[in-house]
Structures are given as structure tokens and as C-alpha cells.
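**Student:** Quick one, structure for this:
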Amino acid sequence: MKFVVKPGVSKGRALIPASKSHTIRAVFIAALADGESVIRNPLQSSDSHSALEAVNRLGAEVETSESVWRIYGTGGRISAPPSPVNVGNSGTTARFVLSTASLGLAPITITGDVQTSSRPMGPLLSALQSIGARVSCTTGTLPATVEGPIDGGSVSVDGTTSQYLSSLLIHTPLAPRGAQMVLTSLNEKPYVDMTLKWLDELDIEYERDGYSMFRVRGGQVYPPFDKIMPGDFSSAAFFACLGAIPGNEVTLLGLDMDDIQGDKAIINYLTQMGAVVTFEKEGIRVKGAKLKGVDLDLNATPDALPALAALASLADGVTTLGNVPQARIKETDRISVMAGELGKMGIRCVEKPDALVIHGGSPQGAKVSGHGDHRVVMSLAVIASAADGVTEISAAEAVKVTFPNFGDLFSSCGGRLTTIP
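**Tutor:** Numbers count the residues shown, from 1 in each chain. Model prediction:
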């Protein structure tokens with residue numbers, strides 16, 4: 001599928017879909033709970049559906065409708081399916097389900113699509129081995145086979161991606177001895193804060209020393225819950241950046257600035273760049289203005305890099321998106337991919353090991369690739385709307401991972417986007 005985007009002015013309102021991070025956490029915790037949990041306003045996307053299918057394959061019963069999912073949990077009694085569990089393109093699901101498999105009594109094989117099978121899983125698998133799992137994996141990537149049950153104990157956790165720690169925090173309360181997890185560093189701290197908020201709300205007991213040590217009591221069971229999923233600030237970033245383009249104005253609906261999501265920092269980032277942001281009763285209004293280059297530390301908000309890189313193409317001066325080495329191990333190497341695709345549009349970018357430096361200019365329409373990465377596709381659509389000429393974005397079907405109605409919503413805000421199957 002391709003997006004063809006022509007330049008134009010965007011003014012409108014955008015109802016942001018539910019949070020992927022909250023929805024996937026809700027699915028896995030509900031699957032571990034003892035009883036019926038209700039997830040309201042879930043994200044309807046391929047990533048969240050991958051999570052649903054994974055927990056269903058491991059023994060949780062699932063009932064779904066457009067606005068409500070009901071999950072009848074296993075109480076931690078995991079069943080081994082007769083064939084591998086395929087997580088598709090969902091890296092979060094992959095890392096969470098590996099730990100779910102470690103609670104089972106028989107070998108469970110986890111696999112994924114080509115992209116997900118290239119993402120590192122080795123540090124998590126090593127951690128699971130340290131607390132009693134048996135692991136069969138020769139490459140440190142999927143496919144991997146995990147056999148439990150884990151017993152618990154002390155383990156060193158790699159903090160390159162927060163997903164390793166979140167996966168262990170969610171699952172080790174069900175291990176008989178719990179776990180003590182030690183880290184020397186940690187990227188993406190707000191995602192761990194989100195996981196801990198879920199544990200707090202469900203009365204799971206743990207102790208912590210900042211972000212360097214977490215001690216979880218063993219032998220616990222999750223209670224069932226009934227929760228509404230909030231809007232996703234990671235997805236909102238694209239329409240926030242669209243609104244920040246000079247001449248544009250977009251109101252973001254369905255967001256809660258009091259939610260724990262770290263990507264709500266996008267609002268502050270845009271203000272620093274010169275956009276006008278107002279908080280109104282109906283939503284968050286972002287109005288375009290003259291943009292300036294800035295230096296931003298994105299360690300806590302790596303998913304914001306593609307959208308901000310696109311917007312920085314229009315800013316006066318130089319923008320540095322730094323301290324974000326984990327951006328290189330997402331669905332794609334987003335530092336390299338955004339540098340390459342913006343370069344095709346005439347924007348000078350410089351890669352650093354943990355940063356992307358963008359020299360603002362005048363983007364030109366071009367044939368670019370989304371590389372099968374949903375955030376890259378949406379970012380390129382945003383900047384294409386302000387480019388000189390027509391832009392054609394290949395591999396645009398990737399938006400279904402988190403934002404299936406992106407194209408329709410983009411058009412409803414005035415964007416001149418056509419989808420070519």
C-alpha cells in the first residue's frame with residue numbers, strides 16, 4: 001500500500017486512538033489475573049490483536065467487541081499450545097509473552113514476522129534463565145522456546161530497552177520466590193513507571209531503589225479489573241506535529257495530561273520549537289507558528305523521534321534529537337531510516353550513535369519508503385503535507401500496527417492524502 005500526499009493546509013480535530021502501551025499491559029495482566037477482567041476503549045490495531053491472540057493461545061479466554069474486551073484470566077496457570085505463538089509485528093507482545101511462557105510447565109515457542117524476528121530478545125531470555133526458565137534460542141532473537149516454571153531469585157537486567165524490565169515486573173510476582181532485579185542503567189523510564197502504576201493499582205507488592213533495583217514479592221496473584229484505556233500520546237505526536245506546521249491548526253481529542261504516559265512530553269517539545277499550544281475544554285489545540293531548531297533529550301520518549309525529525313525539517317536552524325540509542329533497535333533503526341528518507345526530500349541529516357541531527361530547510365516531494373515502520377510512515381506523511389511537490393510513501397500498510405484509521409483522520413483534518421492499494 002502507498003500513501004500519496006500533496007502539500008496543503010491542515011485544520012481540524014483528531015480523535016486519538018487508545019494507548020497501545022496501556023492496552024497491551026492490560027491484556028497480559030488480565031491474562032494472568034484470576035477472574036474476568038474488562039478492558040474498555042482498547043486500541044483496535046494489529047499490535048494489540050497480536051497480544052490478544054498470544055494470551056488466548058496460552059490459555060486465557062477472550063471475548064471482544066469494538067469498545068470492550070473481556071478476558072478470563074488463567075490465574076498464572078499457563079497452557080502450552082501445540083504450535084508456535086506468532087506475535088506478528090509486535091515487539092512489546094514478543095517480550096511480554098516470553099515471560100508468560102516462563103510460567104508454564106511445558107516448552108512454548110514464540111515467533112514473529114521478519115521485522116520482529118530481527119529485534120534483540122537475548123537479554124530477556126538470559127534473565128529468565130537466571131530465575132529458572134529453560135531456554136532454547138541460538139541467535140538471541142525469535143524464534144525462541146521457553147519452558148518454565150520460573151522459581152525466582154536475583155537477576156541482572158539489561159536496561160537498553162525498558163520492555164525487558166517491564167516484562168519481568170509483570171510476571172515475577174507469580175514466581176514462588178519473586179525476584180530481585182538489578183540494573184546499571186535504564187532507557188525509557190516512563191514506560192517502567194506505567195508498568196509500576198498498573199502494579200500499584202492492583203495491589204502487587206514490590207520495593208524499589210530508584211531505577212537501579214526492584215524487589216518483587218513472590219506468590220502473588222493479580223485480581224481482575226475493569227479499566228478504560230486512555231488516548232495514546234505516542235500516536236498523538238503525529239497530529240500534534242501536523243498542527244505545529246506554520247499555517248496549520250489541529251485540536252487533539254481523547255487525551256489526558258494527567259496520565260502516566262511519558263510521550264505527553266511532545267506538548268513541551270513543540271512549545272520549545274515555537275508552536276502555540278492551548279489546553280481547552282474539548283482538547284489540546286496545537287497551532288502552527290515559526291519554528292526554531294532545538295536540542296532535545298529523547299531518552300524517555302524514543303517513539304517521538306520520527307515525528308519530531310519530520311517537523312524539524314521545517315525549523316530554522318539545527319535540531320538535535322539526542323540520548324536515544326534505543327531508537328536504533330525499534331521496528332527499524334529509526335535514526336538511520338529517518339536520516340535516509342528525509343535526505344531524499346532534500347533535508348540534510350547527520351547521524352550520531354545515539355542521536356539524529358536535522359538541518360532545517362525546504363523539503364521537496366519525493367518517492368520515499370516507510371520501511372514497514374508505522375511511525376516512519378506517519379512522520380513522512382506529516383512532512384509531505386508541507387513539502388514542495390507530491391510525495392509517495394511506500395509500505396504505508398504499516399500504520400495498521402497502531403493507527404489503522406490514520407489516513408482517514410489525516411484527510412479529515414484537511415490533509416491531501418490518497419491511499420493506493
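**Student:** and Val38, how far is that from Leu168?
**Tutor:** 26 Å (Cβ to Cβ, to the nearest Å). Placement of C-beta: from N, CA and C, glycine included.
**Student:** neighbour-wise, which of the two wins?
**Tutor:** Set side by side, Val38 and Leu168 show more neighbours around Leu168, with 27 against 16, by other Cβ atoms under 10 Å.
**Student:** Pull the contacting residues for the more buried one.
**Tutor:** By Cβ atoms under 8 Å, 6 or more residues apart in numbering, the contact set of Leu168 is Ser99, Leu124, Ala127, Leu128, Val155, Val157, Ala179, Met181.
**Student:** For the stretch 1-150 of the chain, just list every one of the strands.
**Tutor:** Secondary structure of the stretch 1-150 of the chain by DSSP state E, counting those that start in this stretch: the strands cover 2-6, 11-15, 36-40, 61-64, 68-72, 85-86, 108-111, 134-136, 144-147.
**Student:** Which one, of those, ends up nearest to Tyr269?
**Tutor:** Nearest of these to Tyr269, taken as Cβ to Cβ: strand 11-15 at 17.7 Å.
**Student:** and the closest one, which strands flank it?
**Tutor:** Its sheet considered, strand 11-15 pairs with strand 249-253 (parallel) by DSSP bridges.
**Student:** Averaged pLDDT, the partner strand. What do you get?
**Tutor:** Strand 249-253 shows a mean pLDDT of 98.
**Student:** Can you identify the element that follows that strand toward the C-terminus?
**Tutor:** Counting by DSSP states H and E, the next helix or strand C-terminal to strand 249-253 is helix 266-273.
**Student:** Residues contacting that following helix, please?
**Tutor:** By Cβ under 8 Å, 6+ apart, the surrounding residues in contact with helix 266-273 are 233, 236-237, 240-241, 244, 257, 277, 284, 286, 291-294, 296, 301, 304, 307-308, 311-312, 315, 319.
**Student:** same thing but at 6 Å, please
**Tutor:** For helix 266-273, contacts defined as Cβ atoms under 6 Å, 6 or more residues apart in numbering pick out Ala237, Ala240, Ala244, Val277, Leu291, Val294, Leu296, Ala304.
**Student:** go on, stretch 298-310?
**Tutor:** Contact with stretch 298-310 is made by 187, 189-190, 234, 237-238, 241, 262-263, 265-266, 321, 323-324, 326-327, 334, 338, 356, 358, 375-376, 379, 382-383, as judged by Cβ under 6 Å, 6+ apart.
**Student:** If we use 8 Å, what do you get?
**Tutor:** With Cβ under 8 Å, 6+ apart as the test, stretch 298-310 has contacts from 187-190, 234, 237-238, 240-241, 262-263, 265-266, 269, 296, 319, 321-324, 326-327, 330, 334-335, 338, 342, 349, 356, 358, 373, 375-376, 378-380, 382-383.
**Student:** Give me the subset of those lying in strands.
**Tutor:** Among the contacts of stretch 298-310, the members found in strands (DSSP state E) are Leu296, Thr319, Leu321, Gly322, Cys349, Leu356, Ile358.
**Student:** Dump these to JSON lines, plus neighbour count.
**Tutor:** Putting the ones in strands among the contacts of stretch 298-310 into JSON lines (neighbours: other Cβ atoms under 10 Å) gives the following:
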{"residue": "Leu296", "neighbour count": "23"}
{"residue": "Thr319", "neighbour count": "26"}
{"residue": "Leu321", "neighbour count": "29"}
{"residue": "Gly322", "neighbour count": "17"}
{"residue": "Cys349", "neighbour count": "20"}
{"residue": "Leu356", "neighbour count": "27"}
{"residue": "Ile358", "neighbour count": "26"}
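**Student:** distance between stretch 274-286 and the chain's centre?
**Tutor:** With Cα atoms, centre = their mean, to the nearest Å as the basis, stretch 274-286 stands 24 Å off its chain's centre.
**Student:** Also stretch 288-298?
**Tutor:** Distance of stretch 288-298 from its chain centroid, counting by Cα atoms, centre = their mean, is 23 Å.
**Student:** try stretch 366-377
**Tutor:** In terms of Cα atoms, centre = their mean, the centre of stretch 366-377 is found 17 Å from the chain centre.
**Student:** now swap in stretch 216-234 and tell me
**Tutor:** In terms of Cα atoms, centre = their mean, the centre of stretch 216-234 is set 17 Å apart from its chain centre.
**Student:** go on, stretch 178-196?
**Tutor:** Relative to its parent chain, stretch 178-196 has a centroid offset of 16 Å by Cα atoms, centre = their mean.
**Student:** how about it: buried residues?
**Tutor:** Counting neighbours by 16 or more other Cβ atoms under 10 Å, one finds that the buried residues in stretch 178-196 are 178-181, 183, 186-196.
**Student:** Mind picking the one among the contacts of helix 266-273 that's closest to Val9?
**Tutor:** Nearest to Val9 among the contacts of helix 266-273, counting by Cβ to Cβ, is Ala244 at 13.1 Å.
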